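Participant: Would you be able to build a 3D model of this:
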Amino acid sequence: MSEYALPPGLPTPAPARDGLERPYWEGARAHELRVQRCADCGVWRWGPEWICHACRSFATSWVAVEPVGRIYSWERVWHPVHRSLGGATPYVVVLVELPHAGNVRMIGNLVGGGEPSIGARVRTVFEDHAERDGSAAYTLVQWALAEESP
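Facilitator: The predicted model follows:
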C-alpha cells in the first residue's frame, strides 16, 4: 500500500514484552486476521488473554479467520487522541463483529470512505508499513465497507 490511512508520527505498534498478542501481529504481517481461541473448549476471545474465561484453561490457539465482519457500532472521532492525528480528523472508528470467530468484536479504523451504518458489511484492509528510523516493519488491520452480496 503506497498511501497510509494514518499519518506518520504515530508510535510504532509492537507486541507486548510478554508476547501474548505476537501471533496477531505476525498474522497481520502475513495478511491473515488471527483471533485467539481456547484449544480446550473452543471459545473465541478478543482481546487476547492468557486464560480462557469460559473453562479456565491455559491452552490457547490462534486461528486465521475470514477477514470480514459487520459493523456493530461506530464513532466519528473529532478530537485526535495523538498530536499527529490533528490533520486526520474527523475519522471513523468501528466496532466490528466477526461471525467467523464466534461473533467476538474487534475495534479499528474505517478507511476508504463511505458512510458507516450499523450492520454494514466490512472487510479487512491490511496496511503494510516498511522499516524506518530503526523501527521494525509492521502491518495495521483496518476496515473498509464491503459490497453486499446479491
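
Participant: Excluding covalently adjacent residues, which one is nearest to residue 32?
Facilitator: Using Cβ to Cβ, 6 or more residues apart in numbering and skipping residues adjacent in sequence, the residue nearest residue 32 is residue 64, 4.2 Å away. C-beta coordinates here come from the backbone N, C-alpha and C atoms, glycine included.

Participant: I'd like to know how far that neighbour sits from residue 35.
Facilitator: 8 Å (Cβ to Cβ, to the nearest Å).

Participant: Between these two, tell me which one has more neighbours.
Facilitator: Taking neighbours as other Cβ atoms under 10 Å, residue 64 and residue 35 compare with residue 35 leading, 23 against 15.

Participant: If that one is in a bridge, with which residues?
Facilitator: residue 63 (DSSP bridges).

Participant: For the most centrally placed residue in the chain, give the beta-bridge partners.
Facilitator: By Cα atoms, centre = their mean, the mean C-alpha position of the chain lies nearest to residue 141, the distance being 4.3 Å. Residue 141 forms beta bridges with residue 126, as assigned by DSSP bridges.

Participant: Hmm, the residue nearest to residue 32 is touching residue 27, no?
Facilitator: Yes - Residue 64 lies in contact with residue 27 (Cβ atoms under 8 Å); the separation is 6.3 Å.

Participant: joint contacts of the two?
Facilitator: Counting by Cβ atoms under 8 Å, 6 or more residues apart in numbering, the shared contacts of residue 64 and residue 27 are 33-34.

Participant: any idea how far residue 112 is from the residue nearest to residue 32?
Facilitator: Taking Cβ to Cβ, one finds residue 64 at 23 Å from residue 112.

Participant: ok so, going back, show me the contacts for the residue nearest to the centre of the chain.
Facilitator: Contacts of residue 141 (Cβ under 8 Å, 6+ apart): 28, 33, 106, 108, 124-127.

Participant: Tell me the confidence at it?
Facilitator: What the model reports as pLDDT for residue 141 is 95.

Participant: That one and residue 96: what is the separation?
Facilitator: 10 Å.

Participant: would you list every one of the strands in this protein?
Facilitator: Remark: strands assigned in the chain by DSSP state E are 33-38, 44-45, 60-65, 68-77, 91-98, 104-110, 121-129, 138-145.
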